[in-house]
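*Asks:* 3D model of this:
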Amino acid sequence: MTDVRLGLRANRGQFALLVLVNAFVGAMAGLERSILPAMAEQEFHLAARAAVLSFIVVFGLAKALTNYGAGRLSDRIGRKQVLVAGWLVAVPVPFLLMWAPGWTWVLAANLLLGISQGLAWSTTVIMKIDLVGARRRGLAMGINEFAGYLAAAASALATSWIAAAYRLRPQPFYLGVAFVVAGTILSAFAVRDTVRHVSEETAQAGAPPPGAAPSRRDLFWQTTWRDRNLSSISQAGLVNNLNDGMAWGLFPLVFAAADIGLRQIGWLTAVYPATWGLAQLATGALSDRIGRKGLIVAGMWTQAAGIAATGAARTFGGFATGAILLGLGTAMVYPTLLAAVGDVVHPACRASAVGVYRFWRDLGYAVGALLAGMIADRFGLSVALWLVAALTFASGLVSALRMTETRPDHLPTIIQRAGGLRTAPRRSSD
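*Replies:* Coordinates of the predicted model:
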């Protein structure tokens, strides 16, 4: 294994390629972000907010369950195969959205989109963690999420402009065909598997003692509840994506209720993920320097402030301020949570632990859409936003009280603790 080196600099070619691939993954996620609520109301005549948000529930459940399986599958058959499978599942999505005669077709498209995102995005995350080792983990996650969410913002903005210039369908979804073709070709013919990098890091970290590696069931419950850090990470991830599910489904309706036009809605819809994407370049690297916990807690509270500001706003400027705050808070949290999972879990079972975390995180889409939709239908859009803001603040408080610092050298891994080892992890080449 002498030809395999860990580190961002040593693997910059493959790392850059995976960044590009994840940009196409993110662009697929942004394809319908600004226009699907309008499609639901204008073309399919769905009035109830819970019904409009049903596409996010389907997407979130599919992505959450696939995330859980993707990590384990990546450990068993390799990362690249899972990545290519994710793109193949996405092939029908733009065509279903273009030609859907009824809302059921839209739900089917979001089922496939959720499966595709769970396979492809999870795998690009895992592969980047594999490549860089421990020292630059936060930076790697910042770059990964920067690419994905900036592309999602650009895609959301582009589809809203195309819809305003032409129609809601089919023209905006032509972009999706291009994204699928590019992502599939790059993943199948240019990306290389990272399984040898995992073996190298495992060798550096030391093989787990016999019986120390947790079972699949034990790892699930460690990540969900038993381990104070992993459970704090999982609940923060769930609430973070609860916010995103609410923003995805309700923000366009909130903006439209304030007489904001479709093109301006496109800008507002793009501001939040664009801020999130750009700021992650700084916050991911910052977490490598100052630690994970402070950024996670402060980020959740900044998100709560952004949602509250949106709920109180009545103008384009007020909505933009709320979107920027929400994006900044999410940027502080998103790559930091992923890096923290990598900090705590031994490389031998890291992909599976990432899958469990991403299961809970993306279940937040479904929880957020259902909760926000039902509250909005019963009490109004404003009440739904204020409730989500309160939940987000409470999530930050949980992390503040329950979590400890996880940056490398602060904690042994789950396997190391189980086996009684206390050796500090070795550093990657850069």
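
*Asks:* in the stretch 1-150 of the chain, which spans are helices?
*Replies:* 12-30, 36-42, 49-52, 54-77, 79-90, 93-99, 103-132, 137-165 (DSSP state H, counting those that start in this stretch).

*Asks:* So for the longest one, mean pLDDT?
*Replies:* This means helix 103-132. Averaged over helix 103-132, pLDDT sits at 92.

*Asks:* Quick check: buried residues in that helix?
*Replies:* Residues of helix 103-132 classed as buried: 103, 105-132 (neighbour count, 16 or more other Cβ atoms under 10 Å). Glycine gets a C-beta too; all of them are placed from N, C-alpha and C.

*Asks:* Next: the first one.
*Replies:* When neighbours are counted by 16+ other Cβ under 10 Å, the buried residues of helix 12-30 are found to be 14-15, 17-30.

*Asks:* got the angle for it vs helix 103-132?
*Replies:* Angle between the axes of helix 12-30 and helix 103-132 is 160 degrees (criterion: axes from the mean of the first three to the mean of the last three Cα atoms, to 10 degrees).

*Asks:* list the helices and strands helix 12-30 packs on?
*Replies:* If you count contacts as 3 or more Cβ pairs under 8 Å, 6 or more residues apart in numbering; DSSP states H and E, helix 12-30 packs onto helix 79-90, helix 103-132, helix 137-165, helix 174-189.

*Asks:* and residue 388, which of these is closest to it?
*Replies:* Each of those has some distance to residue 388 by Cβ to Cβ; the shortest is helix 137-165, at 19.3 Å.

*Asks:* Give the other helices and strands that that closest one contacts.
*Replies:* Using 3+ Cβ pairs under 8 Å, 6+ apart: helix 137-165 touches helix 12-30, helix 103-132, helix 174-189, helix 262-290, helix 316-344.

*Asks:* Point out the other helices and strands that the fourth one packs with.
*Replies:* Applying 3+ Cβ pairs under 8 Å, 6+ apart, one finds that helix 262-290 makes contact with helix 137-165, helix 228-257, helix 293-312, helix 316-344.

*Asks:* what do you get for the last one?
*Replies:* Contacting helix 316-344 under the criterion 3+ Cβ pairs under 8 Å, 6+ apart are the following elements: helix 103-132, helix 137-165, helix 228-257, helix 262-290, helix 293-312, helix 350-379.

*Asks:* can I get those helices in CSV with distance to residue 79?
*Replies:* Formatted as CSV, the helices and strands packed on helix 316-344 follow (distance: least, Cβ to Cβ, whole Å):
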stretch, distance to residue 79
helix 103-132, 5
helix 137-165, 14
helix 228-257, 21
helix 262-290, 20
helix 293-312, 26
helix 350-379, 8
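
*Asks:* of all these, which lies closest to residue 340?
*Replies:* In terms of Cβ to Cβ, the element of the helices and strands packed on helix 316-344 nearest to residue 340 is helix 228-257, at 5.3 Å.

*Asks:* Quick check: mean pLDDT of stretch 363-379?
*Replies:* Across stretch 363-379, the average pLDDT comes to 88.

*Asks:* For that stretch, buried residues please.
*Replies:* 363-373, 375-377.

*Asks:* ditto for stretch 282-293
*Replies:* Residues of stretch 282-293 classed as buried: 283, 284, 285, 286, 287, 288, 291, 292, 293 (neighbour count, 16+ other Cβ under 10 Å).

*Asks:* Give me the residues contacting that stretch.
*Replies:* If you take Cβ atoms under 8 Å, 6 or more residues apart in numbering as the criterion, stretch 282-293 is touched by 135-143, 145-146, 295, 299, 331-332, 335-337, 339-340, 343, 399-400, 403-407, 410.

*Asks:* Likewise for stretch 326-335?
*Replies:* Outside stretch 326-335, the residues within contact range by Cβ under 8 Å, 6+ apart are 138, 141-142, 144-145, 149, 236, 240, 243-244, 247, 271-280, 282-284, 287, 295-296, 298-307, 310.

*Asks:* circling back: adding distance to residue 91 and mean pLDDT as columns, could you present the helices and strands packed on helix 262-290 in CSV?
*Replies:* Shown next, in CSV, are the helices and strands packed on helix 262-290 (distance: least, Cβ to Cβ, whole Å; pLDDT from 0 to 100):
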stretch, distance to residue 91, mean pLDDT
helix 137-165, 17, 88
helix 228-257, 23, 90
helix 293-312, 34, 96
helix 316-344, 27, 92
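
*Asks:* for those, which one sits closest to residue 98?
*Replies:* The closest of the helices and strands packed on helix 262-290 to residue 98 is helix 137-165. By Cβ to Cβ, the value is 12.0 Å.
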